[in-house]
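In: just the structure for this:
(2 chains)
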Number of protein chains: 2
Amino acid sequence: GWARAVRGLLLDVSGVLYDSGADGGVPIAGSVEAVRRIKASGLKLRLCTNETQATRENFVKKLRGLGFDVSVAEVTAPAPAACHILKERGLRPHLLVHDDLVPEFAEIDKTNPNCVVLGDAAENFTYANLNEAFRVLIGMEKPVLISLGKGRYYKETDGLKLDVGAYMKALEYACDVQAEVVGKPSKRFFESALAEMGVPAEQAIMIGDDIVNDVGGAQQCGMRALQVRTGKYRPSDENHPDVKPDAYVNNLAEAVDIILQQL
Amino acid sequence: GWARAVRGLLLDVSGVLYDSGADGGVPIAGSVEAVRRIKASGLKLRLCTNETQATRENFVKKLRGLGFDVSVAEVTAPAPAACHILKERGLRPHLLVHDDLVPEFAEIDKTNPNCVVLGDAAENFTYANLNEAFRVLIGMEKPVLISLGKGRYYKETDGLKLDVGAYMKALEYACDVQAEVVGKPSKRFFESALAEMGVPAEQAIMIGDDIVNDVGGAQQCGMRALQVRTGKYRPSDENHPDVKPDAYVNNLAEAVDIILQQL
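Out: Below is the predicted model:
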């Protein structure tokens, strides 16, 4: 079955560990205990998230406050991955990101920008800020746009919100350029997470609620991938034209039960 | 030559009649006189504009203030064209447009919206307004998005600004829908302008500064089209991969000279 020969698990966070909402969210039933059982089993664990509204430190602080035994060193997130790319290529970003994400770029030279880094800027997605990011891009001989994810939208307690992908498309069209996406479902992002775990793709399972970004992305890297029926899961996902998970599970707890039984 | 057998001229406005800027803009040299000569010649005249930051009344008031002898009845603009479509199909719009355009929709029922009409909303392109338009769309069984143009960007005295097309792409991506574009280069828009003039396509010439939206769009309708070397014209337009004007002219005055000589 799909649970054979596993050495490491990659977990999406929002929709798998907890549901976001007022007061920072609530754990999904059984997930706190499931994370504890994964660690006790000796399996490698990696949180693989597209979160870009907080530093890893604050993100982990929130999760620990919800009862999860996790640490900053266990998190793969788009901003640090972007910093790696910026350093590697000598890029100096103009940032259009959430205020709370800015500290992740503290070490990066941001003078005289030669690229734009776009995250889920939320309230920072103003007309003025979008025009400014656009002008930086269109002023380059060959515009470089790095986008921390390409989600279409997400749900908060006060309603649906446009996600970073929508603003990415606006800038792509205006500048006639294609963004480089950092974060799920990019192959490089999953490969970094695997390298950080020290587990090859064929011995890893990704568990997520997003049929395209979690399941599809991980499978493209040679991993097995499960979709949980929590978070943004919708029954119509089971008829997705392109992506078919290796298995569906009701929630993280059920996945961990099955995986641990086969160890 | 290209100037034979003409009965009507369609003129783009910004970049052909005047350049926008502080104090509302300045006429392009020779254009005031050129419009007067067109009218004196007996040729039919139509202003064919994608302007969506003012009602036709205020738009014409500005042009008259610059010295142009034009009237509201001579203007083909996206908002009235959209109103026609809304009435025809029983659509009730949620408007995301410039404040100064709202009066064009005075006669339209806007209760319980079943579509979104998107214009160049400028300062109204806020995070809150974009999320609201998105929620209206995503709440429909089959989202209907009507966009007043699909321009990428334009220049104002304080710098380049993202145009309506960028925001259209953001909503298209988020809702997985294709917008219906009203205004140039839509075929229906040019056909309306021709019908209003009472001139068939083969006897009409479009004169504009935009290689794609003016020249390409008009040629798709069977008209001849000239590109002026004023406004947003760039020398690189003359190597455009898809669109080749019937002729280039330095400005509107030169085009009118040549056309009137052949009458």
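In: and A:R37, what does it touch?
Out: A:256, A:260 (C-beta atoms under 8 Å, 6 or more residues apart in numbering or on different chains). From N, CA and C alone the C-beta is placed, and that goes for glycine too.
In: buried set for the helix or strand of chain A with the lowest mean pLDDT?
Out: Of all helical and strand segments in chain A, the minimum by mean pLDDT, DSSP states H and E falls on strand A:153-156, at a mean of 84. Buried residues in strand A:153-156, defined by neighbour count with 16 or more other C-beta atoms under 10 Å in any protein chain shown: A:153-154.
In: what lines up beside that strand in the sheet?
Out: strand A:159-162 (antiparallel) (DSSP bridges).
In: next structured bit after the strand it pairs with?
Out: Stepping forward along the backbone from strand A:159-162, the first helix or strand reached (DSSP states H and E) is helix A:164-175.
In: now check the helix or strand just after that next one, is it near chain B?
Out: The helix or strand immediately downstream of helix A:164-175 is strand A:180-182, counting by DSSP H and E. No. Using C-beta under 8 Å from any C-beta of the partner chain, strand A:180-182 stays clear of chain B, coming no nearer than 12.9 Å.
In: packing partners of the following helix or strand past strand A:180-182?
Out: Next in sequence after strand A:180-182, counting helices and strands by DSSP H and E, comes helix A:187-197. If contacts are counted by 3 or more C-beta pairs under 8 Å, 6 or more residues apart in numbering or on different chains; DSSP states H and E, helix A:187-197 sits against strand A:8-11, strand A:44-48, strand A:75-76, helix A:78-89, strand A:204-208, helix A:217-220.
In: who does the last one touch, helix- and strand-wise?
Out: Counting contacts by 3+ C-beta pairs under 8 Å, 6+ apart, helix A:217-220 packs against helix A:187-197, strand A:204-208, strand A:224-228.
In: contacts for the second one, please.
Out: By C-beta under 8 Å, 6+ apart, the list of residues contacting strand A:204-208 from outside reads A:2-3, A:6-12, A:15-16, A:48, A:190, A:194, A:197, A:214-215, A:217-218, A:223-228, A:246, A:249, A:252, A:255, A:259.
In: so which residues on chain A come close to chain B?
Out: By the criterion of C-beta under 8 Å from any C-beta, the positions of chain A lying close to chain B are A:122-123, A:125-127, A:130-131, A:134-135, A:138, A:152-153, A:159-163, A:165-167, A:169-176.
In: of those, buried ones?
Out: Buried positions within the residues of chain A next to chain B, assessed by neighbour count (16+ other C-beta under 10 Å), are A:122, A:125, A:127, A:130-131, A:134-135, A:138, A:152-153, A:160-163, A:165-167, A:169-175.
In: which stretches of the stretch 1-150 of chain A aren't confidently modelled?
Out: Scanning the stretch 1-150 of chain A for pLDDT under 70 picks out A:21-23.
In: mind jotting down where the strands sit in it?
Out: Counting by DSSP state E, counting those that start in this stretch, one finds strands in the stretch 1-150 of chain A at the ranges A:8-11, A:18-19, A:26-27, A:44-48, A:75-76, A:93-96, A:115-118, A:145-148.
In: got those as JSON lines, with mean neighbour count and distance to B:Q53 columns?
Out: JSON lines is the format used below for these (neighbours: other C-beta atoms under 10 Å in any protein chain shown; distance: least, C-beta to C-beta, whole Å):
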{"stretch": "strand A:8-11", "mean neighbour count": "25", "distance to B:Q53": "49"}
{"stretch": "strand A:18-19", "mean neighbour count": "20", "distance to B:Q53": "42"}
{"stretch": "strand A:26-27", "mean neighbour count": "14", "distance to B:Q53": "46"}
{"stretch": "strand A:44-48", "mean neighbour count": "22", "distance to B:Q53": "45"}
{"stretch": "strand A:75-76", "mean neighbour count": "22", "distance to B:Q53": "45"}
{"stretch": "strand A:93-96", "mean neighbour count": "22", "distance to B:Q53": "25"}
{"stretch": "strand A:115-118", "mean neighbour count": "27", "distance to B:Q53": "26"}
{"stretch": "strand A:145-148", "mean neighbour count": "25", "distance to B:Q53": "27"}
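In: adding distance to A:L66, write those out as CSV.
Out: Rendered in CSV, the data for the strands of the stretch 1-150 of chain A read as follows (distance: least, C-beta to C-beta, whole Å):
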stretch, distance to A:L66
strand A:8-11, 14
strand A:18-19, 6
strand A:26-27, 5
strand A:44-48, 13
strand A:75-76, 15
strand A:93-96, 28
strand A:115-118, 28
strand A:145-148, 23
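In: and of those strands, who's closest to A:S186?
Out: Comparison of the strands of the stretch 1-150 of chain A against A:S186 by C-beta to C-beta identifies strand A:145-148 as nearest, at 9.9 Å.
In: just give the strands next to the closest one in its sheet, each with its orientation.
Out: Looking at strand A:145-148 with DSSP bridges, its paired strands and their directions are strand A:115-118 (parallel), strand A:180-182 (parallel).
In: OK, contacts around the closest residue to A:K150 other than its chain neighbours?
Out: Using C-beta to C-beta, 6 or more residues apart in numbering or on different chains and skipping the chain neighbours, the partner closest in space to A:K150 is A:G165 (3.8 Å). A:G165 makes contacts with A:147, A:149-152, B:173-174, as judged by C-beta under 8 Å, 6+ apart.
In: what's the closest of those to A:E180?
Out: Distance from A:E180 was checked for each of the contacts of A:G165 by C-beta to C-beta. The minimum falls on A:S147, at 7.1 Å.
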